[in-house]
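Visitor: I'll drop the sequence and a predicted model, then ask my questions.
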Amino acid sequence: MGKIIAWTQLADLKVPDVIELRSELTCPLETSDLSDINFYVPHYFGGAKALNYVNQMPQLKYLQMPNAGYDDALDYVREGLIIANAAGVHDDSTAELAVGLAIASRRGFVDFVRAQDKGEWAHQRYTSFSDSKIGLIGHGSIGKTIAKNLSGFAVEVVPFTRSGTDGSVKILELDKYLPTFDIIILILPLTRESRHLFGKERLSLMKDGALIVNVARGAIIDSDALLIELQSQRIYAALDVTDPEPLPPSHPLWSAPNLLIAPHVGGDSTAFEPRARRLVEAQLERLARGEEIINIVARGRS
């Protein structure tokens, strides 16, 4: 097997001899010839700019996304190109944030911080996270990790998937369950079907005082419809992702009541790098052995 030219921001990976590893240290993307690269890992949170370099890589065979989500990479599918995602890399970090956002919203953490800033002792009773019925929309590897984390609490979890397999309920049946949930957690891919899955009608089915947590993709919720519900103070929301993203400083969601916003940090913790290293090293070892990589989400057909 000839050399495999791999580019990744992780410059000091341990790779087989048949892998030539490049990074910003030896091959700056903006100024280098990228025409011979076969395996590319875009910068984490590099966005469209990082993906656009694919167009300068005619020999690229493998696009290894550093994210679990890959909807933005599908625009780059072409003949002979395989796209893989980072399934498993972000499970623990995103799951802990999902549970953390839910607890923070329920138990008034936002109010505590604001009161602390003003030096106020503002005691009041908040809604308990315990005894909640939770709808988990999405039951892939991150969804299952969220469910595992929730198993230590006095809550009931009902998972949903498109197929309704693996102990889940079909998303087609979601509407009849929505009025029963105290908390809804979104952790599903953004697709044509899931875009604005929670719009005006579905948000209106949520019970008064219910909480929706989004750690998936911002566009799964219709932001305009959510804003109306929040301004009425009928429901609560905790968002790690928004639409648009980043949220512009003037956007009305910033000042909406009953809302906790995190700046898309679900997978971006100290847990990311060691897991990303293990994945990329394992993928390159597979290629060196002549094996197929894992986590394939799309293939370019001839």
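Guide: Nice, I can see it. Numbers count the residues shown, from 1 in each chain.

Visitor: Now do the nearest residue to Arg234 once chain neighbours are set aside against Ile235, distance only.
Guide: Using CB to CB, 6 or more residues apart in numbering and skipping the chain neighbours, the partner closest in space to Arg234 is Asp208 (5.6 Å). C-beta: built from backbone N, CA, C; applies to glycine. From Asp208 over to Ile235 the distance is 7 Å, taken as CB to CB, to the nearest Å.

Visitor: More neighbours: these two, which one.
Guide: Here Asp208 and Ile235 are set side by side on neighbour count (other CB atoms under 10 Å), and the busier one is Ile235, at 20 against 9.

Visitor: which residue ranges form the strands in the stretch 201-302 of the chain?
Guide: For the stretch 201-302 of the chain, applying DSSP state E, counting those that start in this stretch gives strands covering 211-214, 236-239, 259-261, 296-299.

Visitor: Would you convert those strands into CSV that also reports mean pLDDT?
Guide: CSV is the format used below for the strands of the stretch 201-302 of the chain (pLDDT from 0 to 100):
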stretch, mean pLDDT
strand 211-214, 98
strand 236-239, 98
strand 259-261, 98
strand 296-299, 95
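
Visitor: quick one, which of those strands is packed in tightest?
Guide: Mean neighbour count (mean count of other CB atoms under 10 Å) peaks for strand 211-214 among the strands of the stretch 201-302 of the chain, with a mean of 26.

Visitor: hang on, the earlier thing: check whether the residue nearest to Arg234 really touches Tyr236, as I assumed.
Guide: No. With contacts counted by CB atoms under 8 Å, Asp208 stays clear of Tyr236, the gap being 10.4 Å.

Visitor: For the protein, give me the ranges with low pLDDT.
Guide: For the chain, applying pLDDT under 70 flags the ranges 1, 302.

Visitor: May I see the domains of it written out as residue ranges?
Guide: By the assignment in automatic domain parsing, the chain contains the domains 4-89+270-299, 91-261.

Visitor: what about the helices in the stretch 151-300 of the chain?
Guide: Secondary structure of the stretch 151-300 of the chain (DSSP state H, counting those that start in this stretch): helices located at 174-177, 200-204, 223-231, 272-288.

Visitor: how far does the shortest one sit from the chain's center?
Guide: Relative to the centre of its chain, helix 174-177 is centred 24 Å away, using CA atoms, centre = their mean, to the nearest Å.

Visitor: And that helix, what does it pack against?
Guide: Using 3 or more CB pairs under 8 Å, 6 or more residues apart in numbering; DSSP states H and E as the contact criterion, the secondary-structure elements in contact with helix 174-177 are strand 133-137, strand 156-161.

Visitor: now the second one
Guide: For helix 200-204, the contact count by 3+ CB pairs under 8 Å, 6+ apart identifies helix 223-231 as packing neighbours.

Visitor: run the last query once more with 10 Å
Guide: Using 3 or more CB pairs under 10 Å, 6 or more residues apart in numbering; DSSP states H and E as the contact criterion, the secondary-structure elements in contact with helix 200-204 are helix 174-177, helix 223-231.

Visitor: What is the distance between that helix and the centre of its chain?
Guide: Put simply, helix 200-204 sits 23 Å off its chain's centre (CA atoms, centre = their mean).

Visitor: which parts of that helix are buried?
Guide: The neighbour-count criterion (16 or more other CB atoms under 10 Å) identifies Arg202, Leu203 as the buried residues of helix 200-204.

Visitor: And the contacts of that helix?
Guide: Residues from elsewhere that reach helix 200-204 (CB atoms under 10 Å, 6 or more residues apart in numbering): 174-175, 178-179, 184, 196, 210, 212, 221-222, 224-226, 228-230, 234-235, 237.

Visitor: rerun at 7 Å
Guide: Outside helix 200-204, the residues that touch it by CB atoms under 7 Å, 6 or more residues apart in numbering are Asp175, Leu178, Asp222, Ala225, Leu226, Glu229.

Visitor: my guess is the third one meets Ser194, correct?
Guide: Meaning Asp222. No. Counting by CB atoms under 7 Å, Asp222 does not reach Ser194; the two are 11.8 Å apart.

Visitor: And the helices in the stretch 1-150 of the chain, which stretches?
Guide: Counting by DSSP H, counting those that start in this stretch, the helices of the stretch 1-150 of the chain are 47-52, 91-107, 109-117, 141-150.

Visitor: quick revisit: quick one, phi psi at the residue nearest to Arg234?
Guide: Comment: the main-chain dihedrals of Asp208 come out as phi -60, psi 130, following degrees, to the nearest 10.
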